[in-house]
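Asks: Any chance you can model this:
(chains A and B)
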Amino acid sequence: MGQKLDLWFQPDSNYFSLILEDYPRGCTGHDDETYNFLLHLIKSSETGKVIGFSNEGSDLAKDYIRTMRLLEEKPFPGRYDVPQLDLHDATLDEIITAIYRRFVLEEGAVEYPTAKERERPLPTVAEEPNDFA
Amino acid sequence: MYHKAKASDVIEWILKAETLAERQRRIQHFLENEGYSLPELPKGVDRSEEGHVHFVRGRRMTVEYAVIDQSGRKVYHYRENEIDHIMLRRIREGDEWATEHITKIPQILRSGRVVASERGKVIYHSQRRYRCSEGNLHFLRVIIKSDPMGRWYVETFYPRPAFR
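Replies: Now for the predicted structure:
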C-alpha cells in the first residue's frame, strides 16, 4: 500500500494535481525547477516535505513525453495509491501515464499490473539459438 | 470552519456553484474563514477592453485588464482564469495565502525576472519575496502563454519557496 493521493484534473487545460489525502493543511510552495517547470513538487513550507504534484503551467497533452523523459532521468521515489484511477502502489510516472491515457487520450479506464506482477522478471529465452550470428 | 476540511471537498463545494460570480463568492467565504481576503483590483493597468470576450482553447474568457510586459507584449488577464484556474488551484494545493497577491501580477510582468522562456510561454519571477501566514518567504511566479492568434494571456500564478 502506498500513500493515498487525491487527483483533480481540469480538461480545459490538461492540468492535473495530485495531493496527499492526509497532509495537514498549511503554507505550501512549488518546486518547479527540479523537473524543468513541467512537473511541480508541491512542498510544505514548514517541513519542506513533498505533499503533492501538479503540472501547473504546462499541458499534459503537449508535454507528456518531455515529462516522462525527465522522470526517467530523475525518478521520483515513492509509491502511491490513486483511488480515482484504480491505481495501487504505483510510481509517479505510472500515475501520470494513467492520467494521460484516461483523460487526454480518452482510453477510459486502464488496467495496470499489480506491484507484484510488475516485479516479476521478464520471461527469458533458455538458450540462444546456435545459428545466432 | 474549513481548517479540518479536505481541499478536495472545498473545491467540490465551490464547483457546485453554477456561475462565476457564485464561485467567487464561495472562494471569498472560504478565504475569509482562513484569515485571507480576495485580492484588491490592481492599479495602473489597461482596462479599456474590460468585459471583452476572447476564446482560449475553446473556452470563453472575459478580459479583466491588460498589461504591457517588459518585452512589450500586451498580456491579457481573464476573469474566468483568475477564479477557476488560479484561485481554485491555490486552494487545492494549499497555497491559498498567495491569492491575496494576485494583484501583483502586473508588477511581476513589468519588472520581474524571466526564469524560463520557450515558444509561446514565458515564466516570470518576482523581485520581492512574500511572507505566507506561517512566516516563510516565497517568490511569486507568473506564467504567460500565447494563444493560436498570437495573443498573450496570464496562464497561472503560484508561490515558490525562497529557500529550498
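Asks: For the closest residue to A:Tyr15 other than its chain neighbours, give me its contacts.
Replies: Setting aside the residues directly before and after it, A:Tyr15 is nearest to A:Asn55 in space (CB to CB, 6 or more residues apart in numbering or on different chains), at 6.1 Å. (Each C-beta comes from the backbone N, C-alpha and C, glycine too.) Neighbouring residues of A:Asn55 by CB atoms under 8 Å, 6 or more residues apart in numbering or on different chains: A:Asn14, A:Tyr15, A:Phe16, A:Leu38, A:Leu39, A:His40, A:Asp63, A:Thr67.
Asks: so which of the residues you listed comes closest to B:Gln28?
Replies: Taking CB to CB as the measure, B:Gln28 sits nearest to A:Tyr15 out of the contacts of A:Asn55, at 22.8 Å.
Asks: and that closest one, what are its bridge partners?
Replies: A:Gln10 (DSSP bridges).
Asks: Return the distance of it relative to B:Ser133.
Replies: Remark: distance between A:Tyr15 and B:Ser133 (CB to CB, to the nearest Å) = 25 Å.
Asks: B:Glu96: what's it in contact with?
Replies: B:Phe30, B:Leu31, B:Glu34, B:Tyr36, B:Met87, B:Arg90.
Asks: ok, and what's touching whatever helix or strand A:Thr67 lives in?
Replies: Assessed by DSSP states H and E, A:Thr67 sits inside helix A:60-73. For helix A:60-73, contacts defined as CB under 8 Å, 6+ apart pick out A:14-16, A:35-36, A:38-39, A:55, A:58, A:92-93, A:96-97, A:99-100, A:103-104.
Asks: what comes up buried for that helix?
Replies: A:Leu60, A:Asp63, A:Tyr64, A:Thr67, A:Met68, A:Leu70, A:Leu71 (16 or more other CB atoms under 10 Å in any protein chain shown).
Asks: ok, so what distance separates the fifth one from A:Arg101?
Replies: Read that as A:Met68. 12 Å.
Asks: same question, the third one
Replies: For A:Tyr64, the distance to A:Arg101 (CB to CB) stands at 10 Å.
Asks: any idea whether A:Gly57 is helix, strand or coil?
Replies: Here A:Gly57 is recorded as coil under DSSP: H, G, I helix; E, B strand; the rest coil.
Asks: in chain B, which spans are helices?
Replies: Taking DSSP state H as the test, the helices found in chain B are B:7-15, B:20-34, B:79-80, B:88-92, B:105-111.
Asks: Adding mean pLDDT and distance to chain A as columns, could you present those in CSV?
Replies: Formatted as CSV, the helices of chain B follow (pLDDT from 0 to 100; distance: least, CB to the nearest CB, whole Å):
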stretch, mean pLDDT, distance to chain A
helix B:7-15, 89, 5
helix B:20-34, 95, 9
helix B:79-80, 96, 10
helix B:88-92, 94, 6
helix B:105-111, 97, 14
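Asks: so of the ones you listed, which one's packed in deepest?
Replies: Ranked by mean neighbour count, the helices of chain B are led by helix B:88-92 with a mean of 23 (mean count of other CB atoms under 10 Å in any protein chain shown).
Asks: Tell me the gap between that one and the middle of its chain.
Replies: 10 Å (CA atoms, centre = their mean, to the nearest Å).
Asks: Output the contacting helices and strands for that helix.
Replies: strand A:15-20, helix B:7-15, helix B:20-34, strand B:152-161 (3 or more CB pairs under 8 Å, 6 or more residues apart in numbering or on different chains; DSSP states H and E).
Asks: Include distance to A:Val50 when you put these into a markdown table, please.
Replies: Output for the helices and strands packed on helix B:88-92, formatted as a markdown table (distance: least, CB to CB, whole Å):
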| stretch | distance to A:Val50 |
| --- | --- |
| strand A:15-20 | 8 |
| helix B:7-15 | 16 |
| helix B:20-34 | 22 |
| strand B:152-161 | 12 |
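Asks: mind checking which of the ones you listed is nearest B:Lys43?
Replies: strand B:152-161 (16.6 Å).
Asks: Can you spell out which helices and strands pack onto that closest one?
Replies: strand A:28-35, strand B:74-78, helix B:88-92, helix B:105-111, strand B:137-146.
Asks: closest one to B:Gln127 among those?
Replies: helix B:105-111 (6.0 Å).
Asks: burial count for the residue nearest to B:Arg47 when sequence neighbours are not counted?
Replies: Excluding the flanking residues, the one nearest B:Arg47 by CB to CB, 6+ apart is B:Tyr65, at 5.1 Å. Other residues within reach of B:Tyr65, judged by other CB atoms under 10 Å in any protein chain shown, total 21.
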